[in-house]
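>>> Quick check, what structure comes out for this input:
(2 chains, ligands or ions: 1)
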Amino acid sequence: MAFWNEEIETMPREELEKMQLRLLKEKVTEMYGKSAFFRKRMDEAGVKPEDINSFEDFRRVPFMKKIDLRDNYPDKLFVVPYDDIVRIHVSSGTTGKPTVVGYTKKDLDNWTEALARGMTSFGLSKKDMVQNMHGYGLFTGGLGVHYGAERIGATVLPISTGNTNRQIQLMQDLPVTALAGTPSYYFHIADVCDQMGVDIRKDTKVRKGIAGGEPWSESMRKKLEDRTGIKTYNCYGASEFYGPMFLECEEQNGLHLWADLAYVEILDENDQPCKEGERGAIVITMLQKEAFPLIRYRIGDISAIDWTPCKCGRTHPRLMRISGRTDDMLVVRGVNVFPSQIESVIGEIPWLSPFYHLTLTNANYMDSMLVEVELTEESLTDDMVKLNKMSAELSRRLKDVLNIKADVKLCLPGTLPRFEGKANHVTDNRNYD
Amino acid sequence: MSNIIKQLSIFVNNEPGRLAHISSVLKECGVNMRAFNLAESTEFGILRAIVDDPDNSYDLLRQKGIIVKKTDVIGVYLQDTPGALFQAADVLGKANINIEYGYAYSYKDKAIFFIRVDDPEKAVDVISKQGIKMVSDSEI
Ligand SMILES: [Zn+2]
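Got it, this is the predicted structure:
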């Protein structure tokens, strides 16, 4: 099996960790000098860059959280001038405010390198044609996969999302060997292929796929592979890091975390390191990021790390399947949704009461979201036209904030469940079996 | 005496048996329905009812935990004036009064059309000027 960067990818753990510690120290020192935000945080915690001489010392560095990104909207966390920034990506954020990420040339280069290594690790090369079904634009999925595939010399078909019939047509007409998209979109492709009478195994050359952007399970993967013959490899990332960044190798047994680019900690509820292989909160530090550095960033996902050598020969640790969240964030059709976003929309509409409920379902592995919310006594009307208008307005305002469509149901006052103590506003009935 | 009639708008969730439940509560409370109309949205059902004692019925239903509102409507007699409905709609339109909904009721020789408008007082004023006969609340 080929490597993209064999020297780095097979470096012994000891050397990798030595490099990580050196890079951590350098990054902290650099940030202490460049970032007022970071310096203030360090000073508050009483830590100086020179105090950090071990991974244990590094744990004294304060965390960064999503709220810090929001509070510093849009670009207050950038540590290089726009002259040195060559691209911007924007992702949806917690309460209306998105996260803006800047990239230097070197940032784009490292991002692309990470994906080139990952794609090579499950056998893609210049012999392949990659149909990129991720959205192009402010979302990082499209351009990330695009440049990664180009870097390894593969032919890229930048078709982006949607128009499933055309996707399937081109899959048959061109020698496409690999796809990239969200798990739910793969299932949709499989359904439409059935309707069109297309057999992916016989009528196309597609045999591999990159799947990321939303949660799914091993049993879903098994189903998809049995159905389509497409062997799928998980992909993990976030725009805060760069974008999609870590991929599974041929072994399909965890995502190789490129240790020269990222230092990942797994912490328990008391912020103490978990034993290797135990699940906990992911805390990530980007070791070579320039424009928008991330130091001890709590992404909110839960997983475990495995350093045992991989059969593929790569020495970098593997991140196991994401098994949950440390906060109430939901991923719906690949988009991050926070109940607080829905609360803020409801709070701005005077004719709605604060009582709401969110229900998620996924018939055919396609997510749908239903928002039920009570009308106030005063606004309750028997005029259907008015009711329809209210429903449409709520729908529109939710779409503006969430960036995805939600089904809306206006409810009679007093009919939604009331909670004593901590309210449970979310019912997630999605099934990944 | 007034030409503005208090209709009860009773709201029920779209669940099997809800309407039957409402009917039995109405019966229990001795509410006498003169005319009614059912409307259904995707979210809930609405029973619009003209009853003989709206204020008292309203209180009784509230006490039973029923979601009910009083809505002002007007009633136009159809049998005395040919074309009364068209005339009424026409005059309301010209006066920029919006009709939200309407429903007919007939009993023996009576035919009444109940109309919900966005400005009932103005509606009564312009309709009466046309000489169209309206129902008064004491007739209910
Ligand atoms: Zn491997």
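
>>> now for the helix or strand harbouring residue A:370, which elements pack on it?
Here residue A:370 sits within strand A:368-375, counting by DSSP states H and E. On a contact count with 3 or more CB pairs under 8 Å, 6 or more residues apart in numbering or on different chains; DSSP states H and E, strand A:368-375 meets strand A:352-361, helix A:384-402, strand A:407-411. Where you see a C-beta, it was placed from the backbone N, CA and C, and this is true even at glycine.

>>> Helices along chain A, start to end?
Along chain A, the segments classed as helices by DSSP state H run A:6-9, A:13-34, A:36-45, A:55-58, A:66-71, A:105-121, A:140-151, A:164-173, A:183-196, A:200-203, A:218-228, A:339-348, A:384-402.

>>> how near is the residue nearest to residue A:241 when sequence neighbours are not counted to residue A:237?
The spatial neighbour of residue A:241 that comes closest, neighbours along the chain excluded (CB to CB, 6 or more residues apart in numbering or on different chains), is residue A:286 at 6.0 Å. Distance of residue A:286 to residue A:237, computed by CB to CB, to the nearest Å: 11 Å.

>>> Can you give me every residue that contacts the residue of chain B found nearest chain A?
Taking CB to the nearest CB as the measure, chain B has residue B:9 as its residue closest to chain A, at 3.8 Å. Remark: with contacts taken as CB atoms under 8 Å, 6 or more residues apart in numbering or on different chains, residue B:9 is in contact with A:382, B:46-48, B:68-71.

>>> give me every residue that touches the closest residue to residue B:33 other than its chain neighbours.
In space, and not counting its chain neighbours, residue B:33 is closest to residue B:49: 5.0 Å by CB to CB, 6+ apart. Neighbouring residues of residue B:49 by CB under 8 Å, 6+ apart: B:7-8, B:10, B:31, B:33-37.

>>> So the closest residue to the ion within chain B: helix, strand or coil?
Of all residues in chain B, residue B:42 sits closest to the ion, at 50.8 Å by CB to the ion. Secondary structure assignment for residue B:42 (DSSP: H, G, I helix; E, B strand; the rest coil): coil.

>>> Domains of the chain: list them as residue ranges, please.
I went with chain A, as the question did not name one. A:6-327, A:332-428 (automatic domain parsing).

>>> not quite, I wanted chain B
Domain assignment of chain B by automatic domain parsing yields the ranges B:4-71, B:72-135.

>>> Export those as CSV, with columns for mean pLDDT.
Converted to CSV, these look like this (pLDDT from 0 to 100):
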stretch, mean pLDDT
domain B:4-71, 90
domain B:72-135, 88
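
>>> Quick check: residues of chain B near chain A?
By the rule CB under 8 Å from any CB of the partner chain, the part of chain B lying against chain A is B:9, B:11-13, B:39, B:41-44, B:46, B:48, B:67, B:69, B:71, B:100-101, B:116.

>>> do that again at 6 Å, thanks
If contact is defined as CB under 6 Å from any CB of the partner chain, the residues of chain B in contact with chain A are B:9, B:11, B:41, B:43-44, B:46, B:48, B:67, B:71, B:100.

>>> and those residues, which two are the farthest apart?
For the residues of chain B next to chain A, the farthest-apart pair by CB to CB is B:67 and B:100; their separation is 18.9 Å.

>>> Among these two, which residue is more densely surrounded?
residue B:67 (19 against 16; other CB atoms under 10 Å in any protein chain shown).

>>> any idea which element the residue nearest to that one when sequence neighbours are not counted lies in?
Leaving aside its sequence neighbours, residue B:67 sits nearest to residue B:11 (CB to CB, 6+ apart; 4.3 Å). Assessed by DSSP H and E, residue B:11 sits inside strand B:5-13.

>>> Which parts of chain B are helices?
For chain B, the helices defined by DSSP H cover B:18-28, B:54-63, B:84-94, B:120-129.
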